[in-house]
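Colleague: my questions are about this predicted structure, shown below with the sequence.
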Amino acid sequence: KAGVTQTPRYLIKTRGQQVTLSCSPISGHRSVSWYQQTPGQGLQFLFEYFSETQRNKGNFPGRFSGRQFSNSRSEMNVSTLELGDSALYLCASSAGQGADGYTFGSGTRLTVV
Amino acid sequence: DAKTTQPTSMDCAEGRAANLPCNHSTISGNEYVYWYRQIHSQGPQYIIHGLKNNETNEMASLIITEDRKSSTLILPHATLRDTAVYYCSHSGGSNYKLTFGKGTLLTVNP
């Protein structure tokens, strides 16, 4: 079966702009979570959605937001980009019942200049 | 937040078993232990997870201590392609997230 698909793979944006990243989970998976990975902070949890509802949120400013659609696809948005937002953004999908494993996508590499 | 502690790095000879330890003393009773690995900034790859019994799959074995505060990932016959950063984490119940530490860089040497 197809894995987790993230688009785009690479993105370059200018400070102050906004960006939207997309994630399509594995078919049948209803949970999508987002992570930010930087060399300094490592892998950090952003938020998790299940059936269009946010169930958990990490410690990120309000500039970071997300949503999930009825087909379980998810988007995350970062507004007013800062240089420090440059990172690999990873999406993971799961059947969503806690004990299930999480499958990660290949990520979107965002560079803010 | 969940806290995990792993060695920063480990070496292993090709063909030998690699044993990667992890301390997860804050794990709750209904949380599972998860192991992932990451190669060259690709997305983390799922390896194995377990609750309290030892688990084995085609990639690895997972040994969880009786008090569940630590675990060991075993790669029975390491190959050069197993060189990666290995992360342990725990999640479950109403905790719908994985919290990652710095991970262990495993280097498999020829």
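Modeller: Noted; the coordinates are in hand.
Colleague: could you use CA atoms for every contact and neighbour count after this?
Modeller: OK.
Colleague: list the buried residues of stretch A:66-78.
Modeller: Neighbour-count burial for stretch A:66-78, with 16 or more other CA atoms under 10 Å in any protein chain shown as criterion, is recorded at A:66-68, A:72-76, A:78.
Colleague: which of those sit farthest apart?
Modeller: Across these, the longest distance by CA to CA is 19.8 Å; it joins A:Ser72 and A:Val78.
Colleague: thinking again about what came up before, keep only those of the buried residues of stretch A:66-78 that are in strands.
Modeller: A:66-68, A:74-76, A:78 (DSSP state E).
Colleague: residues contacting B:Thr5?
Modeller: For B:Thr5, the contacting residues are B:22-24, B:101, B:103, by CA atoms under 8 Å, 6 or more residues apart in numbering or on different chains.
Colleague: could you measure from A:Cys23 over to chain B?
Modeller: 13 Å (CA to the nearest CA, to the nearest Å).
Colleague: do A:Val32 as well
Modeller: Applying CA to the nearest CA, the value for A:Val32 to chain B is 10 Å.
Colleague: how near is that residue to B:Thr72?
Modeller: 28 Å (CA to CA, to the nearest Å).
Colleague: of these two, who's got more company?
Modeller: A:Val32 (33 against 19; other CA atoms under 10 Å in any protein chain shown).
Colleague: can you pull up the bridge partners for that one?
Modeller: A:Val32 has these beta-bridge partners by DSSP bridges: A:Tyr49, A:Ser93.
Colleague: dump the residue contacts of it.
Modeller: A:25, A:48-50, A:68, A:72-74, A:91-94.
Colleague: in JSON lines, list the residues you listed along with distance to A:Phe104 and pLDDT.
Modeller: Compiled in JSON lines, those are given as follows (distance: CA to CA, whole Å; pLDDT from 0 to 100):
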{"residue": "A:Pro25", "distance to A:Phe104": "9", "pLDDT": "96"}
{"residue": "A:Glu48", "distance to A:Phe104": "13", "pLDDT": "94"}
{"residue": "A:Tyr49", "distance to A:Phe104": "15", "pLDDT": "94"}
{"residue": "A:Phe50", "distance to A:Phe104": "16", "pLDDT": "93"}
{"residue": "A:Gln68", "distance to A:Phe104": "16", "pLDDT": "97"}
{"residue": "A:Ser72", "distance to A:Phe104": "15", "pLDDT": "95"}
{"residue": "A:Arg73", "distance to A:Phe104": "14", "pLDDT": "97"}
{"residue": "A:Ser74", "distance to A:Phe104": "13", "pLDDT": "98"}
{"residue": "A:Cys91", "distance to A:Phe104": "6", "pLDDT": "97"}
{"residue": "A:Ala92", "distance to A:Phe104": "4", "pLDDT": "95"}
{"residue": "A:Ser93", "distance to A:Phe104": "7", "pLDDT": "94"}
{"residue": "A:Ser94", "distance to A:Phe104": "9", "pLDDT": "91"}
